[in-house]
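S.K.: let me see the structure of the following:
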Amino acid sequence: MHPNAEILQQLFSGLNQHDHEAMAACYQQNATFTDIAFQLQGKKQIQAMWHMICEPEGRPADIRAMFHIIHADDHAGWVNLIDEYTFGPHRNRVTNVIDSHFCFAGGLIVSQNDFCESRSWAAMAIGGFSGFLAGEFRFLRSRKAAGLLREFTRTHPQYLP
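M.R.: Take a look at the predicted model:
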């Protein structure tokens, strides 16, 4: 197994174990992360997001990731991923199919870009007209995600700049 495939294995195994510290160890200090809601810069922000996902409201999450490493070499990686979890105050059940693309340098992740169908995710996670709007407009997802992460970092000062 390529060493960068081992990094990807550690990342997603860490997600299944709700171990944000093991996940954060996979990223370089200046790493970036983007998905349908987040645009994060730096390992500290990325770890805060994973911490928030792994331990929402101070309790272990129910997130489970099924993943298949499609490719990993010295520079790039690609993982097919299915995350299953509950989301939001109504505890909506979400099954999110993701293509996760990576760039590596020095044996660590320098960028991660996750792609999924935003409309499908929003219909499951939020539902109704609000879900329709969130599925259509990235700025709504981004604004909500940024607010959640800002509140999380306020109560977890180790992630403040």
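S.K.: can you count the residues close to the nearest residue to Q28 once chain neighbours are set aside?
M.R.: Spatial nearest neighbour of Q28, chain neighbours left out: L108 (4.5 Å); criterion: CB to CB, 6 or more residues apart in numbering. Just so you know, the C-beta spots here come from the backbone N, C-alpha and C atoms, and that holds for glycine as well. Neighbour count of L108, defined by other CB atoms under 10 Å: 15.
S.K.: and L108, how far from D73?
M.R.: 14 Å (CB to CB, to the nearest Å).
S.K.: separation between A61 and T34?
M.R.: 21 Å.
S.K.: I7 now?
M.R.: Distance from I7 to T34, by CB to CB: 18 Å.
S.K.: got it, and E21?
M.R.: Noted for E21: a distance of 22 Å to T34, by CB to CB.
S.K.: who's more crowded, those two?
M.R.: Counted by other CB under 10 Å, E21 and T34 do not tie: T34 has more neighbours, with 15 against 11.
S.K.: so that one touches Q112, yeah?
M.R.: Yes - counting by CB atoms under 8 Å, T34 touches Q112, with 7.4 Å between them.
S.K.: ok, A25 - how many residues close by?
M.R.: The tally of other residues near A25 (other CB under 10 Å) stands at 15.
S.K.: ok, now which ones touch F152?
M.R.: F152 makes contact with 48, 51-52, 159, according to CB atoms under 8 Å, 6 or more residues apart in numbering.
S.K.: that's a strand at G135, yeah?
M.R.: No - going by DSSP: H, G, I helix; E, B strand; the rest coil, the assignment for G135 is helix, not a strand.
S.K.: and it, what is it in contact with?
M.R.: G135 sits next to 118-123 when contact means CB under 8 Å, 6+ apart.
S.K.: in helices, which of the residues you listed appear?
M.R.: Counting by DSSP state H, the part of these found in helices is 118-123.
S.K.: much appreciated, bye for now.
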